[in-house]
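Peer 1: Below is the sequence, then the predicted model.
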Amino acid sequence: MATAPKSTVDSDTNFSPYLVETQHLNMCFGNKQVLRELTVTIRHGQTVAIIGESGCGKTVFLKTLVGLLKPTSGFVLFDQHDLNVLNEHELSILRSRTGFVFQNSALFDSLTVAENLIFPLMHTASASTRTKLSTADQMQVVQLALREVGLPQTTLTQYPADLSGGMRKRVGLARALILQPELVLYDEPTTGLDPIVSDIINELIMRSRLKHRITSILVTHDMKTARKVADRILMLYPLHRLNKHESQIIFDGPPSEIEQSTDPRVQQFIQGEAGNRLQELEIV
């Protein structure tokens, strides 16, 4: 369990084995509740895959972890700091310790790949020392980041529209890693990619985790990705399918144990079977 939340960002903190924690996290949009009483702890260096069917709140949960969404109630702690009570400057500092790989890469279409990669160096709170680098030194950092995701240097002068889906994903990963974050969040990192390119992304995620000793949290529907990349799988279930007092987390454990789960909801998802859901559809 977490210690008392801290309200300021400072370096004088007691060590916790957990980099990210949520306590009794609830999220509502109007009258619709999406997350209910989620208490989760994620250790330093752990890789967690969050799975579950569409609408169960996976991406919403991911966004609360970096303060992009403020929970209706409950706490989100990053390195023991309570995000609810931080001001925008303090939040910016903590976010600079985090990389985010968006589902559609979220590259700036009007910027070249090089300019996309330089952007976090110039505009992130913790990048103040980076901005003192010469243009040549900045380009050296960018070239190294691109090399780590296996893209040729000729990619630097191209625009996102010139790249394949897999290449855009790799540029997005390079941008997320360029500030050497402690935490990287991935929103559907392999969606829309063919099996071979998907596995390249999986390998790059694993390689970056080992090289940089980062904590990783992935939202994914891809069970191959979850089994290969994660050392822990957490499965959420839509609230409208649960009883009032049921936990929204219906599985939490290593990939090796999910196959043996006796919960039919877990088996239905990992096997990709419609089951009795067909009865819910009005098909003539």
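Peer 2: Received, thanks.

Peer 1: how distant is the longest helix seen in the chain from the center of its chain?
Peer 2: If you go by DSSP state H, the chain has its longest helix at helix 195-212. Per CA atoms, centre = their mean, to the nearest Å, the displacement of helix 195-212 from the mean C-alpha position of its chain is 14 Å.

Peer 1: list the buried ones in it?
Peer 2: Residues of helix 195-212 classed as buried by neighbour count (16 or more other CB atoms under 10 Å): 197-198, 200-202, 204-205, 208-209. Backbone N, C-alpha and C define where each C-beta goes, glycine included.

Peer 1: same question, stretch 255-263
Peer 2: Those would be 255, 258, 261, for stretch 255-263 by 16+ other CB under 10 Å.

Peer 1: what's Gln143 in contact with, if anything?
Peer 2: Gln143 sits next to 153, 156 when contact means CB atoms under 8 Å, 6 or more residues apart in numbering.

Peer 1: is it true that Phe102 touches Val171?
Peer 2: No. With contact defined as CB atoms under 8 Å, Phe102 and Val171 do not form a contacting pair (11.4 Å).

Peer 1: Between the two, which is the more surrounded one?
Peer 2: Legend: neighbour count by other CB atoms under 10 Å for Phe102 and Val171, higher for Val171 (24 against 17).

Peer 1: So that one sits against Leu107, correct?
Peer 2: Yes. The pair Val171 and Leu107 passes the contact test of CB under 8 Å, sitting 6.2 Å apart.

Peer 1: Overlap of the contact sets of these two?
Peer 2: Counting by CB under 8 Å, 6+ apart, the shared contacts of Val171 and Leu107 are 113, 116, 160.

Peer 1: I'd assumed Lys169 was in contact with Leu193.
Peer 2: Yes. Contact criterion CB under 8 Å: Leu193 and Lys169 qualify, at 6.8 Å.

Peer 1: Got the domain ranges for the protein?
Peer 2: Domain ranges of the chain: 17-97+182-274, 107-180, per automatic domain parsing.

Peer 1: quick one: the helices in the stretch 1-150 of the chain?
Peer 2: Taking DSSP state H, counting those that start in this stretch, the helices of the stretch 1-150 of the chain run over residues 58-64, 88-95, 113-123, 135-148.

Peer 1: and of those, who's closest to Lys224?
Peer 2: Of all the helices of the stretch 1-150 of the chain, it is helix 58-64 that lies closest to Lys224, at 17.1 Å by CB to CB.

Peer 1: Tabulate the CA atom coordinates of that closest one in CSV.
Peer 2: Extracted as CSV, the C-alpha positions of helix 58-64 are listed here (Å, rounded to 0.1, in the frame of the first residue of the first chain):
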residue,chain,number,x,y,z
LYS,A,58,-8.4,0.5,-20.9
THR,A,59,-7.3,3.7,-22.7
VAL,A,60,-9.1,5.9,-20.1
PHE,A,61,-7.1,4.1,-17.4
LEU,A,62,-3.9,4.7,-19.3
LYS,A,63,-4.6,8.4,-19.6
THR,A,64,-5.3,8.8,-15.9
